[in-house]
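Visitor: Quick one: sequence and predicted model below, then my questions.
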Amino acid sequence: MSLQELGVQLFDAGAVRLGDIEAKLGRRTPFYFDLRVVVSHPHIMMAIAQQLQVLSSEIEHDILCGVPYAALPFAAVMSVNTNTPMIMKRKETKMYATKKILEGVFEKNQNCLVVEDVVTSGGSLLETVTTLRDEGLAVTHAVVVLDREQGGASVLAANGVRVKALFTMTELVNILRDAGRISDETVEIVSDHIKQCQFGMKDNFEQLTAPL
């Protein structure tokens, strides 16, 4: 499946939502990308994993780690397809038995490739990277499905993580416009939103320290 076909199928499956939508921390967005629905569409999940594998083949890595929760299925499929070990980061440290924050087998200084669904401010991915590094793993790259082009990739680059994405927001809306799924007006609205809503290091600090 080509990236153009994948973009259209994601829209048709309901992974792309349009409207005045409340996103994380109460922010509003005209374009919401929800990859959790893809678990009900195995052929799309496989296509995403295969495209991410193309990106990851150019990156030296020993293990994979998906950012919980939306990216976990993609990391799992990539792990099986490429016979690459995977670890999982818990949302919180286990409070009994092993009391682990990471599940799976790994060794210090191994190169860990992070898998993420969407990068906006970069806060969620940066939080996972910080945990992995605290546990002794080396993290220099992340592969993601969508870069919303709102500053997250630059923030991550400043923290030593290069982001490689299947789609930028601009690329995806252009694919959907060319396929007749959205209008030129919607493309302009999304483009204006990207320009007006940019994130930086201060935003990521606030996101990482915000109460749950």
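Guide: Nice, I can see it. Numbering: from 1, shown residues only.
Visitor: any idea which helix is longest in this structure?
Guide: helix 42-56 (DSSP state H).
Visitor: just checking, what packs against that one?
Guide: helix 3-12, helix 72-82, strand 141-147, strand 162-168 (3 or more C-beta pairs under 8 Å, 6 or more residues apart in numbering; DSSP states H and E). C-beta coordinates here come from the backbone N, C-alpha and C atoms, glycine included.
Visitor: Walking through the chain, point out its strands one by one.
Guide: 16-22, 28-33, 63-66, 86-89, 102-103, 112-119, 141-147, 162-168 (DSSP state E).
Visitor: Using CSV, write down the CA coordinates of stretch 167-186.
Guide: The C-alpha trace of stretch 167-186 is given here as CSV (Å, rounded to 0.1, in the frame of the first residue of the first chain):
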residue,chain,number,x,y,z
PHE,A,167,3.4,12.0,6.9
THR,A,168,3.6,15.7,7.8
MET,A,169,0.3,17.3,8.4
THR,A,170,0.7,19.3,5.2
GLU,A,171,1.4,16.2,3.2
LEU,A,172,-1.6,14.3,4.6
VAL,A,173,-4.2,17.0,4.0
ASN,A,174,-2.9,17.5,0.5
ILE,A,175,-3.3,13.7,-0.1
LEU,A,176,-6.9,13.9,1.2
ARG,A,177,-7.7,17.0,-0.8
ASP,A,178,-6.4,15.4,-4.0
ALA,A,179,-8.5,12.3,-3.2
GLY,A,180,-11.6,14.4,-2.8
ARG,A,181,-12.0,13.6,0.9
ILE,A,182,-11.6,17.2,2.1
SER,A,183,-12.0,20.7,0.5
ASP,A,184,-9.4,23.4,-0.3
GLU,A,185,-11.0,25.4,2.5
THR,A,186,-10.2,22.7,5.0
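Visitor: quick one on the thing from earlier: would you reformat the helices and strands packed on helix 42-56 as TSV and include mean neighbour count?
Guide: As requested, the helices and strands packed on helix 42-56 are exported to TSV (neighbours: other C-beta atoms under 10 Å):
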stretch	mean neighbour count
helix 3-12	18
helix 72-82	19
strand 141-147	25
strand 162-168	18
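Visitor: Mean pLDDT for these - can I get that in CSV?
Guide: Shown next, in CSV, are these (pLDDT from 0 to 100):
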stretch, mean pLDDT
helix 3-12, 97
helix 72-82, 97
strand 141-147, 98
strand 162-168, 97
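Visitor: Dump those to JSON lines, plus distance to Arg90.
Guide: As requested, those are arranged in JSON lines below (distance: least, C-beta to C-beta, whole Å):
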{"stretch": "helix 3-12", "distance to Arg90": "28"}
{"stretch": "helix 72-82", "distance to Arg90": "11"}
{"stretch": "strand 141-147", "distance to Arg90": "19"}
{"stretch": "strand 162-168", "distance to Arg90": "23"}
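Visitor: mind checking which of those is nearest Lys195?
Guide: When these are compared by C-beta to C-beta, strand 162-168 sits nearest Lys195, at 13.5 Å.
Visitor: what's the closest one packed up against?
Guide: Against strand 162-168 (3+ C-beta pairs under 8 Å, 6+ apart) you get helix 3-12, helix 42-56, strand 141-147, helix 152-158.
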